[in-house]
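In: just to be clear, the model below is a prediction. Sequence and coordinates:
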Amino acid sequence: MNENDEFKGDPIFERAAKLDKAIAPSRDLWPGIERAIAAPRRSAWDTVWAKAAMALLLVGGSSGVTYFAMQDEATVVTEVGPRPALVFTPVSGSFGSRYHLGPDFQDARQRLRGQLEAELEKLSPEAQQEVMSNIEAIQKAIADINIALAEEPDNVLLQELLLSTYREELALMRRVDGIANAAMLRGDI
Amino acid sequence: MQATLAAGAAETGIEEARPVTSYRADEVRLVDQARAGDTAAFEALYRANVDRVYGLCLRMTGNAAEAEDCAQDAFIQAWQKLDRFRGDSAFGTWLHRVAVNVVLGRMRKDRREQDRIRAVADVVPQTEQQGNDAGLDDIEQAINGLPSGARHVFVLNAVYGYSHGETSEMLGIAEGTSKAQLHRARRLLAQQMGIEE
């Protein structure tokens, strides 16, 4: 017992203190642990790449999920309660040596951000939750890729990954908004 | 390398008879070796600690299979985070913290906790039924029936002897909440076990 003097002599606490602290699992867990730790420890660079790759998978997966969720929600208009406001990190105007986020991209992102809040209100709580979690996943991906880019600013693969992630963000917001305007031209970005 | 602690204190009882300083010295040496990439040293640490880690996971999750997964994950995470172990506490205590984080993380992901298996047979291992005084089974069952918040605090505090400060830090709750949950757990256990207040 520790500082629980108020429970000193309490039969429940006395019996709890007598319970075995150590219990053997039904199987040896070591083989699974050994397999997991057998791979050499990854360098920071590997970790950054892993994050970037995970970001790509995450973004792709989240967009797909949201697409289907939005399909189901196409005709549903529901009043919902308060939910946390979306926070968007400002986008850097350029990254790497090849890509520059032009004013059209910045404007479109700004406009869609404003409309997104209003459109979300029309969705069911479940769909809102889905969209919010996907946007968070995309924003995390952008943050992770930016960390990787900070280490390798001229890495073209990372630049393209960031570019496609920004596109995914735009595409997601468009789907939510139901905006059917023409897809942005590559020249906008 | 010979696994100095591999036999495990709980299995042999020999290690328990050794001076604590000697045991800690072995532990520190093994941690240093494991940190340098020596998996045999880490296996020795695993053998010495797995039963206590699994026991904690089992009581926190209430499910044997889930507890095994949690214990396994805890050791994998411990290997990955060995650099962060500064030796301020015993390695076993640090492992417990890692295990609690793993359990809480998995529970957050898995909202199906309400469906967890409540069967006593799944929670109370054979060794415990044989090794303890008669009458302990009902408290194990009663602990397993507690709501998760109260159960986690009771297990860490009353079963494993962590202070409210340590408990609250492990669970990421306020110390006052830990105290309140302990009282709640005590009240619910008394009701379940038919003990008068």
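Out: Sure, I can see it.

In: CA only for contacts and neighbour counts going forward, please
Out: Will do.

In: please name the residues that touch the closest residue to chain B within chain A.
Out: The nearest approach of chain A to chain B comes at A:Ala22, 4.1 Å away (Cα to the nearest Cα). For A:Ala22, the contacting residues are B:Ala10, B:Asp51, B:Arg52, B:Val53, B:Tyr54, B:Gly55, by Cα atoms under 8 Å, 6 or more residues apart in numbering or on different chains.

In: chain A: helices as residue ranges?
Out: If DSSP state H is used as the criterion, the helices of chain A fall at A:11-18, A:30-38, A:44-72, A:103-120, A:125-151, A:156-177.

In: hmm, I typed the wrong one, I wanted chain B.
Out: Listed in chain order, the helices of chain B (DSSP H) span residues B:9-12, B:14-17, B:20-35, B:39-61, B:64-80, B:91-109, B:120-123, B:126-131, B:136-144, B:148-154, B:164-171, B:175-193.

In: circling back: redo the contacts of A:Ala22 as a markdown table? Include distance to chain A.
Out: As requested, these are exported to a markdown table (distance: Cα to the nearest Cα, whole Å):
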| residue | distance to chain A |
| --- | --- |
| B:Ala10 | 7 |
| B:Asp51 | 5 |
| B:Arg52 | 4 |
| B:Val53 | 7 |
| B:Tyr54 | 6 |
| B:Gly55 | 5 |
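
In: neighbour-wise, which of these leads?
Out: In terms of neighbour count, B:Val53 stands highest of the contacts of A:Ala22 at 31 neighbours, by other Cα atoms under 10 Å in any protein chain shown.

In: residue ranges with poor pLDDT in chain A?
Out: Per-residue confidence for chain A (pLDDT under 70) gives these ranges: A:1-5, A:39-103, A:105-106, A:152-154, A:177-189.

In: who in it is up against chain B?
Out: With Cα under 8 Å from any Cα of the partner chain as the criterion, chain A comes near chain B at residues A:1-3, A:12-13, A:15-25, A:29-30, A:32-34, A:36-38, A:41.

In: follow-up on the earlier one: okay if I get the helices of chain B as CSV plus distance to A:Asn134 and mean pLDDT?
Out: Conversion of those to CSV gives the following (distance: least, Cα to Cα, whole Å; pLDDT from 0 to 100):
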stretch, distance to A:Asn134, mean pLDDT
helix B:9-12, 47, 40
helix B:14-17, 51, 44
helix B:20-35, 37, 81
helix B:39-61, 29, 95
helix B:64-80, 26, 95
helix B:91-109, 16, 91
helix B:120-123, 37, 42
helix B:126-131, 46, 40
helix B:136-144, 35, 83
helix B:148-154, 29, 94
helix B:164-171, 28, 94
helix B:175-193, 33, 93
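
In: tabulate those (JSON lines), appending distance to A:Glu168.
Out: Shown next, in JSON lines, are the helices of chain B (distance: least, Cα to Cα, whole Å):
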{"stretch": "helix B:9-12", "distance to A:Glu168": "54"}
{"stretch": "helix B:14-17", "distance to A:Glu168": "58"}
{"stretch": "helix B:20-35", "distance to A:Glu168": "40"}
{"stretch": "helix B:39-61", "distance to A:Glu168": "38"}
{"stretch": "helix B:64-80", "distance to A:Glu168": "32"}
{"stretch": "helix B:91-109", "distance to A:Glu168": "25"}
{"stretch": "helix B:120-123", "distance to A:Glu168": "46"}
{"stretch": "helix B:126-131", "distance to A:Glu168": "54"}
{"stretch": "helix B:136-144", "distance to A:Glu168": "45"}
{"stretch": "helix B:148-154", "distance to A:Glu168": "39"}
{"stretch": "helix B:164-171", "distance to A:Glu168": "36"}
{"stretch": "helix B:175-193", "distance to A:Glu168": "42"}
